[in-house]
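Undergrad: Based on what follows, work out the 3D shape:
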Amino acid sequence: NLPDNTRIWAVLGVFAAYNIFRKAAVLLARPHRIPQKTYLAAEKSANTFFIFLTLVLLLVASTATFLNAPQETVRATCVWLSALIYGLYLIRKVQIFISSCSLFAAFLYLCALEILPTGILVVSDIIF
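TA: The predicted structure is shown next:
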């Protein structure tokens, strides 16, 4: 229910807070047993998936808007596509981590570095 100008700043603020929280999680729970090169590959894969997500959402939202789809349908479609691509990103990150450690350790690293910050973001959206 915020005005458009305020909404833009709120979204940017939430995005910045999420990235700061992720960086703090990396500093606290960085997997030292994983080689630096492998870890950087896992971290940089987020950029690749974000670019892909942006292109997909732009294509879907613009096409649906052009076809006069209801706004709620467009929003729901974009949310589900975001969740799907985020799930693919998590699977890829686990695969990268598994190349240097066990599945259990990779899952724990994933929980600390990705799932916890994202869970806090989602819970804050539900509460507020």
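Undergrad: After the longest helix belonging to the chain, which helix or strand is next? Please name it.
TA: Longest helix of the chain, by residue count under DSSP state H: helix 36-66. Next helix or strand after helix 36-66 toward the C-terminus (DSSP states H and E): helix 71-98.
Undergrad: Which strands or helices does that following helix pack on?
TA: Applying 3 or more Cβ pairs under 8 Å, 6 or more residues apart in numbering; DSSP states H and E, we find helix 71-98 packed against helix 36-66, helix 103-110. Every residue, glycine included, has its C-beta placed from N, CA and C.
Undergrad: Among these, which comes closest to Val79?
TA: Nearest to Val79, of all the helices and strands packed on helix 71-98, is helix 36-66, at 9.8 Å by Cβ to Cβ.
Undergrad: what helices or strands is the closest one leaning on?
TA: For helix 36-66, the elements it packs on are helix 71-98, judged by 3+ Cβ pairs under 8 Å, 6+ apart.
Undergrad: mind listing what's buried in the helix it packs on?
TA: Neighbour counts using 16 or more other Cβ atoms under 10 Å place Val74, Cys78, Leu81, Ile85, Tyr86, Tyr89, Arg92, Lys93, Val94, Ile96, Phe97 of helix 71-98 among the buried residues.
Undergrad: swap in stretch 48-60?
TA: For stretch 48-60, burial by neighbour count (16+ other Cβ under 10 Å) applies to Phe49, Leu53, Leu57.
Undergrad: quick one: the first one and Ala17, what's the gap?
TA: The span separating Phe49 from Ala17 equals 20 Å under the rule Cβ to Cβ, to the nearest Å.
Undergrad: Fine by me, thanks again.
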